[in-house]
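[1] below are the sequence and a predicted model for it; my questions follow.
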Protein chains: 2
Amino acid sequence: MTKKDMRRSGCPISFGLDLFGDRWTLLVLRDVLLKKQSTFQEFLEAEEGIASNILADRLKKLEESGIIKKSRDRKDRRQFRYGPTEKGRSLVPVLLEIAAWGATHDKHTDAPKGFAKAFYANRAQVIDDFEL
Amino acid sequence: MTKKDMRRSGCPISFGLDLFGDRWTLLVLRDVLLKKQSTFQEFLEAEEGIASNILADRLKKLEESGIIKKSRDRKDRRQFRYGPTEKGRSLVPVLLEIAAWGATHDKHTDAPKGFAKAFYANRAQVIDDFEL
């Protein structure tokens, strides 16, 4: 059975969701892509309280999918750093769309005032700013 | 304990993912928002093969979140129809971003040729076309 046969459909949304379609994976991607965090400890300290075994599992899967890459810290060789690949970096717009939606619909959001409005008015610019 | 206290963080991404951050919910939203499907039977027949109990659960949650609304078919009163609310319709860009990413990174995608390129070149236009 080839990899293609194992997939549930040829739908591009289903393809993406097979790789990152769960809450914890998307929160880890938020930390890597938007918060520019890079260590296991930083991800573990996210306010949502991810369990360390779930975090380890999601990091492994994201690495296997070629969305993030793992490398040793140049100064402290015992420390690993996780960073986005190009394929991973191209998920920034997905996360920003979710953020703009949440900022719009949550009365108690911590998102910066005006973020959603600025994003919807000029997506390309806001995305560029984050991808740099 | 207020609703705000129960949330895991004030992050707008976490807020969104609490409501729709799982694979099956996002596939149902694809069917409602992009495929313009409206009946339980149509969602059940999606190629990915959602189980009927999971589908029922996700429809209920989406309705409770005010993302979709349920109504009786005007002609056949025994038939229910599900459609997006305004809040739900504003998730179209999230789904299109996932679709464009999937179409870009899946060699075997069924997405129309040129879709991702057209989307990235002019997001606002493609989003408008789908939201109509």
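    Right, received. Where do you want to start?
[2] what does the residue nearest the centre of chain A show for phi and psi?
    Centroid-nearest residue in chain A, with CA atoms, centre = their mean: A:Leu29, separated by 1.6 Å. Main-chain torsions, A:Leu29, degrees, to the nearest 10: phi -60, psi -40.
[3] surely it touches A:Gly88?
    Yes - assessed by CB atoms under 8 Å, A:Leu29 is found in contact with A:Gly88 at 7.3 Å. To be clear about C-beta, it is placed using only N, CA and C from the backbone, and glycine gets the same treatment.
[4] any common contacting residues for these two?
    A:62, A:67 (CB atoms under 8 Å, 6 or more residues apart in numbering or on different chains).
[5] dump the residue contacts of A:Ser38.
    Contacts of A:Ser38 by CB under 8 Å, 6+ apart are A:32, A:81-83.
[6] could I get those as TSV with neighbour count?
    Below are these laid out as TSV (neighbours: other CB atoms under 10 Å in any protein chain shown):
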residue	neighbour count
A:Val32	24
A:Arg81	16
A:Tyr82	21
A:Gly83	15
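[7] looking at these, which is nearest B:Ala111?
    B:Ala111 has its nearest neighbour among these in A:Val32, at 25.6 Å by CB to CB.
[8] so what sits opposite the residue nearest to that closest one when sequence neighbours are not counted in the bridge?
    Once flanking residues are discounted, A:Val32 sits nearest to A:Pro84: 5.5 Å by CB to CB, 6 or more residues apart in numbering or on different chains. Legend: beta-bridge partners of A:Pro84 under DSSP bridges are A:Ile68.
[9] after whichever helix or strand A:Pro93 is part of, next one along is what?
    Using DSSP states H and E, A:Pro93 sits in helix A:92-105. Note on helix A:92-105: by DSSP H and E, the next helix or strand toward the C-terminus is helix A:115-121.
[10] next one: that next one to chain centre, how far?
    Here helix A:115-121 is found 20 Å from its chain centre; the criterion is CA atoms, centre = their mean, to the nearest Å.
[11] who touches it?
    Residues outside helix A:115-121 that contact it (CB under 8 Å, 6+ apart): A:96, A:99-101, A:103-104, A:126, B:12.
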